[in-house]
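Peer 1: what's the 3D shape of this:
(one chain, ligands or ions: 1)
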Amino acid sequence: MTAPVITSSTPAGPLPHLEEPRGGRGELPHDPGFAEFARTHIAPRADGAYRAEILDRLSWQRLADRGLWRVGVPEHLGGVGGTWRDLAERIADIAREGDDLGFVLSLIAHAGLVRALVEHGGEYHHRTVLPSLMKGAVGATALTEPHGGSDVARTRTTAVRTPEGWSLTGLKDHITNAPVADRALILGRVPELGRRDITLFLVNLHSPGVRRGPAEELLGLRTSPTGAIHLEDVALPEGAVLGAPGEGLRTLYDIISFDRALYGLVAAAFLEPRLDEVISFTWRREAFGQPILEHQYVQGRLTDIRITIEVARATAMAGIEALVAGDPEASLRCSVAKLTGSEGLVEAAQNLMRLHGHAGYERGPLTRIVQDALGTLIAGGTTEMQRKNILNQMLAHHRG
Ligand SMILES: Cc1cc2nc3c(=O)[nH]c(=O)nc-3n(C[C@H](O)[C@H](O)[C@H](O)COP(=O)(O)OP(=O)(O)OC[C@H]3O[C@@H](n4cnc5c(N)ncnc54)[C@H](O)[C@@H]3O)c2cc1C
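Peer 2: Here you go, the predicted structure:
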């Protein structure tokens, strides 16, 4: 099946319309309302969004209306304050109750951009871009190019200076939210800077010279559209650079660390209700004259899922706390969380499937979890790249 081309104006598609719950809009963003909203609004639409292979834009907008993207953003920038841990917890609530892992991966991509603008942005980002991202515009972070995604420093996207600012040309691929996004952080290089030339640019994707590819056909995560971004002599103002010209890699490692920790946290939260469900199933299902829960190998699979939840959550929180505290080992910890979370999620997804026997292999919610989980091994950087980062960070902090 060919995935539909989706633009930012594409309606949410044939999904059930749901009334706003009582007390919906205007509720304080720090209350548990996001979990409730995910349960009553996102989860019932998840299957329809998956079949239509689209991001659930209606739920996206409702979350913005309820103040999700103001959590963690300082008040003087239009937010409600708090820390990035608060935002991470809200996203975990949505992962736990929303039944839509793809949607949550799109949230992670957006969260990374919001944090990046707050932490590394200047006047242009804070005044021109951040307000729209808090109100429902969709963000993306574009590093990967057709020749490779792991070795981001080999980017071929190039910027040259112009009297007004910059002109950016290049091609990005497999970018979460790209088919529907309004703004993207683009990694490129400025050759005139010499050896240290990697630079981050904030691009309005509705600008002349920007073209988006169609949503890619993926094994899973079909509610999180990925695609290409073509940039041809895209004119950018001077202030579009995030951080300093030539300092893009250093800034980038801080930005992607938050995304990586979120992968771990979301993996744990997503698995929590699935573990409850499968425990109930193993009580009900009988083999050899007793509930399958009585069999030790079954108990082992359940225990492994719980261990994944505990380890992924703990390592993710350690990563987020380290980022908030400015700990130099934050990047290492966030890579541990990403690795633990995505590998554990894949193993847990298989355990959920196996525990249901043939029913687990029938196309449906359980096979969808396996398909979705596999994507998390690659999105956000592969396991090999997390290991490489852990080693590099470890050696950098080793005192000899
Ligand atoms: C669902 C999804 C969402 C995505 N969203 C985004 C996004 O929002 N933004 C974005 O920029 N990209 C995104 N990507 C792309 C993703 O980041 C890249 O696919 C990933 O970084 C790997 O790059 P690659 O596919 O080019 O593989 P390659 O870099 O070509 O790597 C191929 C294989 O070689 C291994 N490898 C490479 N170098 C080494 C090494 N030194 N040591 C050991 N093994 C190595 C890799 O681990 C991998 O197994 C997304 C991908 C997916 C699947």
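Peer 1: quick one: contacts for the one residue in the chain that gets nearest to the ligand?
Peer 2: Minimum separation of the chain from the ligand (C-beta to the nearest ligand atom) falls at Gly149, amounting to 2.5 Å. C-beta coordinates here come from the backbone N, C-alpha and C atoms, glycine included. By C-beta atoms under 8 Å, 6 or more residues apart in numbering, Gly149 lies in contact with Leu143, Asp173, His174, Gly381.
Peer 1: mind running it again at 7 Å?
Peer 2: For Gly149, the contact set (C-beta atoms under 7 Å, 6 or more residues apart in numbering) comprises Leu143, His174.
Peer 1: tell me the phi and psi of it?
Peer 2: Note on Gly149: its backbone torsions stand at phi -120, psi -20 [degrees, to the nearest 10].
Peer 1: Next one: the residue minimising distance to the centre of the chain from Leu391, what distance?
Peer 2: For the chain, the residue sitting closest to the mean C-alpha position, by C-alpha atoms, centre = their mean, is Ile108 at 2.5 Å. Plainly put, Ile108 is 24 Å away from Leu391 if you go by C-beta to C-beta, to the nearest Å.
Peer 1: Check Glu272 too.
Peer 2: 31 Å.
Peer 1: ok, which stretches of this protein are helices?
Peer 2: In the chain, helices defined by DSSP state H lie at 33-37, 43-52, 57-65, 84-98, 101-120, 123-124, 130-135, 248-284, 296-325, 330-355, 358-361, 365-375, 383-396, listed in chain order.
Peer 1: Now the second one: average pLDDT?
Peer 2: Going back to what we said before, that points to helix 43-52. Mean pLDDT, computed over helix 43-52, is 96.
Peer 1: One more: the last one?
Peer 2: Mean per-residue pLDDT for helix 383-396: 96.
Peer 1: Other residues contacting it?
Peer 2: Defining contact as C-beta under 7 Å, 6+ apart, one finds that helix 383-396 is touched by Ser150, Glu329, Ser331, Leu332, Ser335, Val336, Lys338, Leu339, Glu343, Leu377.
Peer 1: at 10 Å instead, please
Peer 2: Under the contact criterion C-beta atoms under 10 Å, 6 or more residues apart in numbering, helix 383-396 has outside partners 149-152, 253, 256-257, 260, 263, 328-340, 342-343, 346, 377-378, 380-382.
Peer 1: What of the first one?
Peer 2: Residues external to helix 33-37 that are found in contact with it (C-beta under 10 Å, 6+ apart): 20-21, 23-24, 27, 42-43, 59, 62-63, 66-68, 71, 89-98, 269.
Peer 1: Could you turn the buried ones of the residues you listed into a PyMOL selection?
Peer 2: One line in PyMOL is enough to select the buried ones among these; burial here means 16 or more other C-beta atoms under 10 Å:
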select buried, resi 24+27+42+43+59+62+63+66+67+68+71+89+90+91+92+93+94+95+96+97+98+269
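Peer 1: Show me what from the chain comes close to the ligand.
Peer 2: Taking C-beta under 6 Å from any ligand atom as the test, the list of the chain residues beside the ligand reads 109, 140-144, 148-150, 174-176, 221, 226, 375, 378-379, 381-382, 384-385, 388.
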